[in-house]
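Trainee: Got a predicted model here, sequence first, then my questions.
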Amino acid sequence: MDTTIRERAKLKVCIGPALGIAVALLLQGVVACTDPTVAPKSSVSDANFFSDTSSYTAFLAKIYAGLALSGQQGPAGQPDIQGIDEGFSQYLRLYWEHEELPTDEAVIAWGDIGLPEMNTQTWTSSSRMVVAMYYRIFFQVSMANEFLRQTTDAQLATRGHIPPALRAQIQQYRAEARFLRALSYWHGIDLFGGIPLVTESDPLASVPKPSSRADVYAYVVNELNAIKDSLPSPGPSAYGRATGSAAHMLLAELYLNDSVYTHTANWTGALTEAQTVIGSGRYSLDPNFRHMFMADNNTSPEIIFAIPQDGLRTQTYGGVTFLVHASVGGSMNAANYGIDGGWYGLRLKPQADSLFAAGDARAAFVYDTNQTLGVADIGTFNDGYAAPKFTNKTSSGADGSNKGFVDTDFPVFRLGEAYLIYAEAALRGGGSRAQALTYVNALRERAYGNASGDLPDTTALTLDFILKERGRELLWEAHRRTDLVRFGKFTGPGYIWAWKGGVMAGQTTDGHLDLYPLPQSELIANPNLKQNPGY
């Protein structure tokens with residue numbers, strides 16, 4: 001196609017008439033936040049919409065953009081979902097908060113409704129952020145389902161002559177939509193457990209029935225295996241799109257957590273999928289670790305799948321704009337990060353800082369002048385080291401295109417994590433420990449600039465080390481909660497950190513918090529659903 005999805009996704013969300021049906025199909029069933037798992041109905045004429053052949057690209061772009069933007073008029077004004085401030089409702093921002101704030105890594109100062117309990121594992125089924133995350137997931141699923149309904153062979157046949165080249169392109173688009181749906185379903189089962197499984201085959205007016213976590217897991221795995229060879233090939237023109245490598249990484253993530261989702265481990269599967277990506281020759285470690293979190297990180301050789309951001313064309317108060325601005329405050333100079341001002345929000349919990357040793361460049365971004373290590377008061381920005389890992393500066397030191405909205409893409413999957421997935425799976429019984437050591441030391445040599453941080457042999461490569469190394473390598477990349485759950489340390493007495501359980505020193509929390517609750521409003525709207533135990 002003449003315009004890549006990366007470029008399409010970077011357009012402001014109001015792309016124009018071509019998105020009319022996508023918006024109308026969804027607003028009736030999702031925006032009210034009463035029953036978003038029911039695929040919505042619409043009176044929009046698909047015949048008129050699809051008479052423009054570019055509409056297929058635009059519709060798919062809207063699904064991609066659902067990960068990056070918050071509504072139909074960036075940065076605010078026509079939100080995709082209601083009942084919450086539009087900036088807070090953005091998919092990536094919500095997902096990041098669910099994966100980072102309740103862990104040993106991050107804390108946020110703000111007291112907005114629904115946010116304080118994310119710092120302390122004290123949420124309820126009515127907590128604003130939890131509810132919004134659930135609806136965001138199903139908004140994405142609903143869009144993907146409708147795209148798939150509208151692009152079957154039977155539907156295409158009703159629209160007159162469609163050139164063979166476009167038909168072939170639509171088939172690839174269908175695979176991409178299925179990947180994006182699988183990604184959101186992964187987030188759904190990881191965060192909420194058993195959730196409704198709604199596909200393009202379900203009648204529009206049906207009330208969905210709950211599915212077990214294992215059943216949704218199996219569906220997603222089957223989907224990814226079915227489409228992985230139909231996705232675009234990796235390369236510059238496919239940046240920001242779902243490629244075969246992205247599908248292998250998502251499978252690796254699923255298999256890595258199989259013991260949580262189905263209680264049956266699949267370490268060999270995780271290792272195999274990670275090695276497929278590593279051995280593809282498509283990616284290499286970025287020699288500059290910081291580059292992957294800068295405004296020109298789209299040129300990094302390491303990033304496998306990213307959520308593109310653009311300061312001029314994807315303006316949102318969520319996404320990486322949130323991560324950059326909210327990490328700056330106190331005496332920090334916002335201009336050093338390519339932005340127009342700090343939001344005085346995000347800092348490290350002290351346990352995250354303790355993971356790093358002297359000489360580890362992965363901690364070089366930590367700004368501790370006039371900041372304290374301890375977090376005595378969550379609402380005080382100077383309590384806790386600031387950690388501006390993401391910046392709106394390029395690797396050459398230039399500012400991004402807009403100081404209000406950043407150009408920095410979010411790396412969902414990257415090669416460094418593939419190395420760590422291989423290493424963990426090998427230790428748990430899936431492969432070569434010697435190879436695992438090689439991969440881990442490659443990451444540490446980048447971090448230290450030499451071999452001074454290398455592990456001497458495989459005896460030093462333990463599961464406890466892997467969890468800590470994931471904390472160092474993947475800090476603030478929205479993996480930590482999932483990792484702690486997999487290692488049995490997110491709840492319970494095994495690992496206590498600041499503000500866990502709502503007290504400064506931290507305390508034991510109950511195991512039911514390993515899952516978020518289904519929204520109370522959803523239980524009322526859909527009597528088929530059953531709340532997760534403990535809520």
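Mentor: Perfect, I can see it now. Numbering: from 1, shown residues only.

Trainee: three-state assignment of the spatially closest residue to Val328 that is not a sequence neighbour?
Mentor: Using Cβ to Cβ, 6 or more residues apart in numbering and skipping residues adjacent in sequence, the residue nearest Val328 is Gly342, 3.2 Å away. C-betas here are computed from N, CA, C, even on glycine. Following DSSP: H, G, I helix; E, B strand; the rest coil, we place Gly342 in the coil state.

Trainee: Just the pLDDT at Gly342, thanks.
Mentor: For Gly342, the model assigns a pLDDT of 98.

Trainee: Might one say that it is in contact with Val324?
Mentor: No: using Cβ atoms under 8 Å, Gly342 makes no contact with Val324, being 9.1 Å away.

Trainee: more crowded one of these two?
Mentor: Taking other Cβ atoms under 10 Å, Gly342 and Val324 do not tie; Val324 has more neighbours (30 against 21).

Trainee: Within the helices and strands, which one has that one?
Mentor: helix 319-326 (DSSP states H and E).

Trainee: Can you point out the buried residues in that helix?
Mentor: Neighbour-count burial for helix 319-326, counted by 16 or more other Cβ atoms under 10 Å, picks out Gly319, Val320, Thr321, Phe322, Leu323, Val324, His325, Ala326.

Trainee: by contact count, what packs against it?
Mentor: Helix 319-326 sits against helix 91-100, strand 410-414, with contacts defined as 3 or more Cβ pairs under 8 Å, 6 or more residues apart in numbering; DSSP states H and E.

Trainee: any chance of these in JSON lines, plus mean pLDDT?
Mentor: Listed next are the helices and strands packed on helix 319-326 as JSON lines, based on pLDDT from 0 to 100:
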{"stretch": "helix 91-100", "mean pLDDT": "98"}
{"stretch": "strand 410-414", "mean pLDDT": "98"}
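
Trainee: can you redo those as TSV with distance to Tyr385 and mean neighbour count?
Mentor: As requested, the helices and strands packed on helix 319-326 are exported to TSV (distance: least, Cβ to Cβ, whole Å; neighbours: other Cβ atoms under 10 Å):
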stretch	distance to Tyr385	mean neighbour count
helix 91-100	15	24
strand 410-414	22	24
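
Trainee: With distance to Phe138 as added columns, please give the ones you listed in JSON lines.
Mentor: Below are those laid out as JSON lines (distance: least, Cβ to Cβ, whole Å):
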{"stretch": "helix 91-100", "distance to Phe138": "11"}
{"stretch": "strand 410-414", "distance to Phe138": "19"}
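
Trainee: Among those, which comes closest to Leu467?
Mentor: Evaluated with Cβ to Cβ, the helices and strands packed on helix 319-326 place helix 91-100 nearest to Leu467, the distance being 14.9 Å.

Trainee: could you give me the average pLDDT of whichever helix or strand comes after the closest one?
Mentor: Where DSSP H and E defines the elements, the next helix or strand beyond helix 91-100 is strand 106-108. The average of the pLDDT scores along strand 106-108 is 98.

Trainee: in the stretch 251-400 of the chain, which spans are helices?
Mentor: For the stretch 251-400 of the chain, the helices defined by DSSP state H, counting those that start in this stretch cover 258-261, 267-278, 319-326, 350-353.
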